[in-house]
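Engineer: Compute the structure for the input listed below.
(3 chains)
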Amino acid sequence: MKPVKGKAAVNKVSKDALKTVNDRKVGKSSKPTSKKVGAAKKDPNKPKRPPSAFFVFLEEFRKTFKEKHPHVKGVAAVGKAGGEKWKSMSKSEKAPYEAKAAKKKTEYEKVMTAYNKKQASRTDDADEESEKSKSEVHDDDEESGEEDDEDEEDDEDEDDD
DNA sequence: GTCATGATTGTTAAC
DNA sequence: GTTAACAATCATGAC
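Structural biologist: Numbers count the residues shown, from 1 in each chain, chains lettered A, B, ... in the order given. A predicted model of the protein is given here:
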């Protein structure tokens, strides 16, 4: 179990936004306009974004990096090294990672569609349910089970390449 | 014991 | 079109 991930994912945002942004793009513009900050509400049920090609590569790179530099601790060093290597890689070298990322993206779109549908129907339902739920215990819908796409991950994984 | 931080790039979504 | 947010990772320090 890794409860930390949940929080890490959330908390990292703040620091990421603070520093990364500051370093990366803020340079171009100084617009503190909090766009989604206020509008974006966090949905624990919302599917996570798929890893980009770089992240797919990073996963593998981390393993290699750790083997080569077992004494190096911290993800910062790995991230930096991975970033440099990524830049030095040729398109053909990145291809397999991009393919994997594309696959994940497709899945993500699928899940998102289902999620959006669910949200829509839920909102609709919520309207009616809100009345009923007053007297009834709203059953968790999360149900869970519907998440379907899980099975795919089985065959996806190591694909070919 | 729990949480934030650190570093990277790509992609997405909101404006 | 622009830009902020977020995706993974994990040892470590701070509280």
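
Engineer: what about chain A, any weak spots by pLDDT?
Structural biologist: A:1-44, A:122-161 (pLDDT under 70).

Engineer: ok, now with 80
Structural biologist: Within chain A, the set of residues satisfying pLDDT under 80 comprises A:1-45, A:73, A:117-161.

Engineer: what's near enough to touch the closest residue to residue A:55 other than its chain neighbours?
Structural biologist: With sequence-adjacent residues excluded and distances taken as Cβ to Cβ, 6 or more residues apart in numbering, residue A:55 is closest to residue A:101, at 7.5 Å. In this view, the C-beta of every residue, glycine as well, is placed from N, C-alpha and C. Residue A:101 is in contact with A:50-53, A:55-56, counting by Cβ atoms under 8 Å, 6 or more residues apart in numbering.

Engineer: for residue A:51, helix, strand, or coil?
Structural biologist: coil (DSSP: H, G, I helix; E, B strand; the rest coil).

Engineer: correct me, but it touches residue A:60?
Structural biologist: No: taking Cβ atoms under 8 Å as the definition, residue A:51 is not a contact partner of residue A:60, at 11.4 Å.

Engineer: Let me know the distance separating the residue nearest to residue A:55 from residue A:61.
Structural biologist: Distance of residue A:101 to residue A:61, computed by Cβ to Cβ, to the nearest Å: 14 Å.
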